[in-house]
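S.K.: coordinates only, no sequence provided:
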């Protein structure tokens, strides 16, 4: 693992070498990928709700501990559901296993009951937000850092359609706790830009899918390399639950149904089944079979490196920009 290049509020808060986080992703961020990111000097994440039950999460956490001695996080997405998981049981496993960082997402009312639990057990909380006002609320509640998700992000980028360039700059101006840049990020140039805009680090998802350690089918990784910034689509807009996904046959079918039946989730739910998601990623690799999240950072993905190669490339490229390219532009 290379030397530390950047010391930011994020690296100091979490005790990590590089200001690079791999955020939680459904059916992607398992122990092996989380450990690889942490071993490379960043912060890896295990997604709690990918696991079928809290005890399976416990096993995944213990496996990660065997693979790395560095800090890693657990993602806990707190959303209202018709049949919600046992959030309390998942959270208790995080506490019992001594995990020191959690990445949370969802409405503040879902987060609120868990802030005291995590803080009482010295667990750092990074909360994902799509609007500055949401980040301010999370800050008041006592989270330790916020991840600002621009409209470029995969998954659920919110309903306001604000890009990261403005969103991040405003958040860094108005929020005192560390701010992470999220959405469309995959290069060292972008790490340097994020730091210049006031971020304490970057949080990447899709870019880490296209690494050798990501436990997903090679066809998915190839699709990310072959895709570009125009290879995503936005679904469930009429339900105000917008999701950015990889544009494929299943998504085209879903969008056709949604246009005829706006706001009617029951008409499309068969296409966004979690079981299909899992089957595509873990078994078939059929990129057209189901609906799966991906970000426009595909336009910047050209290879499938190891996690260590990717992290060191990003940090090294950012260092070159900050130390050499930008100083050379100053008129003395």
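M.R.: Now that the structure is in, tell me what you want to look at. All values derive from a computational prediction rather than experimental measurement. Numbers count the residues shown, from 1 in each chain.
S.K.: C-alpha from now on. contacts and neighbour counts both.
M.R.: Noted.
S.K.: averaged pLDDT, the helix or strand hosting residue 252. What do you get?
M.R.: Take DSSP states H and E as the rule and residue 252 turns out to sit in helix 249-260. Mean per-residue pLDDT for helix 249-260: 96.
S.K.: and residue 175, what are its phi and psi?
M.R.: phi -120, psi 140 (degrees, to the nearest 10).
S.K.: that one contacts residue 138, doesn't it?
M.R.: No. Contact between residue 175 and residue 138 fails when scored by C-alpha atoms under 8 Å: they sit 10.2 Å apart.
S.K.: pick out whichever of those two has more residues nearby.
M.R.: When neighbours are counted by other C-alpha atoms under 10 Å, residue 175 and residue 138 differ, and residue 138 comes out ahead with 24 against 16.
S.K.: find me the pLDDT at that one, would you?
M.R.: 96.
S.K.: wait, what's in contact with it?
M.R.: 108, 127, 146 (C-alpha atoms under 8 Å, 6 or more residues apart in numbering).
S.K.: of the residues you listed, which belong to helices?
M.R.: When DSSP state H is applied, the contacts of residue 138 are split such that residue 108 fall in helices.
S.K.: out of the contacts of residue 138, which one has the weakest pLDDT?
M.R.: residue 108 (80).
S.K.: count the residues that sit near residue 239.
M.R.: Residue 239, neighbours per other C-alpha under 10 Å, totals 12.
S.K.: OK, contacts around residue 11?
M.R.: Residue 11 neighbours (C-alpha under 8 Å, 6+ apart): 17-19, 200.
S.K.: so which bits of the helix or strand harbouring it are buried?
M.R.: Under the criterion of DSSP H and E, residue 11 resides in helix 9-14. Neighbour-count burial for helix 9-14 flags 9-11, 14 (criterion: 16 or more other C-alpha atoms under 10 Å).
S.K.: ok, then the element right after it?
M.R.: strand 20-22.
S.K.: which elements pack onto that following strand?
M.R.: helix 31-39, strand 44-47, strand 201-204 (3 or more C-alpha pairs under 8 Å, 6 or more residues apart in numbering; DSSP states H and E).
S.K.: tell me which of those sits most buried.
M.R.: strand 44-47 (a mean of 30; mean count of other C-alpha atoms under 10 Å).
S.K.: adjacent strands (with direction) for that strand?
M.R.: Using DSSP bridges, strand 44-47 pairs in its sheet with strand 72-77 (parallel).
S.K.: residue 66: which of the buried residues of helix 9-14 is nearest?
M.R.: residue 14 (19.5 Å; C-alpha to C-alpha).
S.K.: distance of the closest one from residue 295?
M.R.: Computed with C-alpha to C-alpha, to the nearest Å, the distance linking residue 14 and residue 295 is 26 Å.
S.K.: kindly report the same for residue 77.
M.R.: Distance from residue 77 to residue 295, by C-alpha to C-alpha: 19 Å.
S.K.: between these two, who's got more neighbours?
M.R.: Per other C-alpha under 10 Å, whichever of residue 77 and residue 295 has more neighbours is residue 295, with 29 against 20.
S.K.: can you give me the helices in the stretch 151-300 of the chain?
M.R.: 164-174, 188-196, 206-209, 218-226, 249-260, 274-279 (DSSP state H, counting those that start in this stretch).
S.K.: sorry, back to before: run the chain-centre distance for the helix holding residue 11.
M.R.: 18 Å (C-alpha atoms, centre = their mean, to the nearest Å).
S.K.: now do stretch 19-36
M.R.: Per C-alpha atoms, centre = their mean, the centroid offset for stretch 19-36 relative to its chain is 8 Å.
S.K.: no more questions from me, cheers.
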